[in-house]
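**Student:** this one's structure only:
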DNA sequence: TTTACTGT
């Protein structure tokens, strides 16, 4: 070990000591982010950040995609092409790496929470007949909207934010998709699964129709996978320029999405797949507005949301998209 | 039916 390396190592270790202290302090609070691996931590330590590549820090070491995506291009280039002192990046990030929104796993759905907007990025569900069937033992009326204690208070939406806002607390994973278990239904009332929706003409009507359609599919198919979330779409304003404009509500400035999307993947008994994807503006529609009016290519949703959706569905077994053979 | 609100 060179003199320089020893110096760097000791400096870095001292830094990690401080970091670990801070980390544990932050996570003793009730708002600890519980999630898979590192994804939910409010901020990562440099140690967390680099641990997924043991060889990182050696010359010519490959960088994992996870780390690479967070580094400036020049740094990535330097790390792969040019000799440099080890652990320099850990040193730069000594006091934490603010990154990653929290992934929130629940009993029967998963939420990627958007700290900035105080609503979900997306919510995934896997639905079978038994999840959506009528069940007298599970009662929606015994579920209450609850704030998500796992989200840091700076970023947590509250019932007070929604009260008298004019908007419904709209479920992303619908409550009635989880009728097999009171706990699973209660989970959907956690505010990390909720976004502001226009009530009359949207949440209670056309959006509700879409949710009923999903349950009908779940009764007919072996497996149904659903991804639901908000969108903030750009619009041409009178000055001739394009803006993304949306209202925020409550003391926490909870974002009111301009649109919502839902992508549905069905698996047939043959093991083939069908996909339908919808985008509906967050506004009132007349009764009995047909859902087919809102079918859009999934690529539209991907480009607007920043997420590739159902990218892992085997292409050769995907037989129809939005009702058309592919 | 299922989605929720406000006001008591």
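**Tutor:** Sure thing, it's come through. Keep in mind that this is a model prediction, so the values were computed, not measured.

**Student:** and the most centrally placed residue in chain A, helix, strand or coil?
**Tutor:** In chain A, the C-alpha nearest the mean C-alpha coordinate belongs to residue A:112, at 2.4 Å (C-alpha atoms, centre = their mean). The local conformation at residue A:112, judged by DSSP: H, G, I helix; E, B strand; the rest coil, is strand.

**Student:** identify the residue nearest it in space, chain neighbours excluded?
**Tutor:** residue A:121 (4.3 Å; C-beta to C-beta, 6 or more residues apart in numbering). From N, CA and C alone the C-beta is placed, and that goes for glycine too.

**Student:** state the pLDDT value of the one you found.
**Tutor:** With respect to pLDDT, residue A:121 scores 98.

**Student:** pull out the buried positions in the one helix or strand it maps to.
**Tutor:** Per DSSP states H and E: residue A:121 is located in strand A:119-127. By neighbour count on 16 or more other C-beta atoms under 10 Å, the buried set for strand A:119-127 is A:119-125, A:127.

**Student:** possible to save these as CSV with distance to residue A:255?
**Tutor:** Listed next are these as CSV, based on distance: C-beta to C-beta, whole Å:
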residue, distance to residue A:255
A:119, 6
A:120, 11
A:121, 11
A:122, 14
A:123, 15
A:124, 20
A:125, 22
A:127, 27
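
**Student:** and chain A, which residues reach DNA strand B?
**Tutor:** Contact residues, chain A versus DNA strand B (C-beta under 7 Å from any atom of the strand): A:134, A:140, A:145, A:162-166, A:168-171, A:174-176, A:199, A:203-204, A:208, A:211-212.

**Student:** rerun that using 6 Å as the cut-off
**Tutor:** A:140, A:162-164, A:168-171, A:174-176, A:199, A:203-204, A:208, A:211 (C-beta under 6 Å from any atom of the strand).

**Student:** so which of those residues belong to helices?
**Tutor:** A:162, A:208, A:211 (DSSP state H).

**Student:** with these in mind, which one is nearest to DNA strand B?
**Tutor:** Nearest to DNA strand B among these is residue A:208, at 4.4 Å by C-beta to the nearest atom of the strand.

**Student:** what about that closest one, how many neighbours?
**Tutor:** Using other C-beta atoms under 10 Å, residue A:208 is surrounded by 14 other residues.

**Student:** residue A:137 too?
**Tutor:** 8.

**Student:** kindly report the same for residue A:268.
**Tutor:** By other C-beta under 10 Å, 15 other residues sit near residue A:268.

**Student:** could you do the one 3 residues further on as well?
**Tutor:** Each residue near residue A:271 was counted by other C-beta under 10 Å, and the total is 10.

**Student:** residue A:300 too?
**Tutor:** 14.

**Student:** just residue A:215 next, same as before
**Tutor:** By other C-beta under 10 Å, 19 other residues sit near residue A:215.

**Student:** report the rounded mean pLDDT for the host helix or strand of it.
**Tutor:** Secondary structure from DSSP H and E places residue A:215 in helix A:206-220. Across helix A:206-220, pLDDT averages out at 97.

**Student:** need the next SSE after it, C-terminal direction.
**Tutor:** Sequence-wise, the next helix or strand downstream of helix A:206-220 (DSSP H and E) is strand A:223-231.

**Student:** who does that following strand pair up with?
**Tutor:** strand A:119-127 (antiparallel), strand A:259-267 (antiparallel) (DSSP bridges).

**Student:** what's the following helix or strand after the first one?
**Tutor:** Meaning strand A:119-127. Downstream of strand A:119-127, the first helix or strand assigned by DSSP H and E is helix A:129-132.

**Student:** contacts for that next one?
**Tutor:** Applying C-beta atoms under 8 Å, 6 or more residues apart in numbering, the contact partners of helix A:129-132 are A:108, A:176-180, A:184, A:215, A:218-219.

**Student:** from the residues you listed, list just the buried residues.
**Tutor:** Among the contacts of helix A:129-132, those scoring as buried are A:108, A:176-180, A:184, A:215, A:218 (criterion: 16+ other C-beta under 10 Å).

**Student:** still on that earlier bit, need the pLDDT of the residue nearest to the centre of chain A.
**Tutor:** With respect to pLDDT, residue A:112 scores 98.

**Student:** how about it, what does it touch?
**Tutor:** A:101-104, A:120-123.

**Student:** how about the residues you listed in a markdown table, adding distance to residue A:322?
**Tutor:** As requested, the contacts of residue A:112 are exported to a markdown table (distance: C-beta to C-beta, whole Å):
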| residue | distance to residue A:322 |
| --- | --- |
| A:101 | 29 |
| A:102 | 32 |
| A:103 | 29 |
| A:104 | 30 |
| A:120 | 24 |
| A:121 | 23 |
| A:122 | 19 |
| A:123 | 21 |
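
**Student:** identify the residues contacting the nearest residue to residue A:230 once chain neighbours are set aside.
**Tutor:** In space, residue A:230 comes closest to residue A:257 once its chain neighbours are excluded; the distance is 3.2 Å by C-beta to C-beta, 6+ apart. Shown in contact with residue A:257 (C-beta under 8 Å, 6+ apart): A:119, A:195-196, A:230-232, A:246, A:282.
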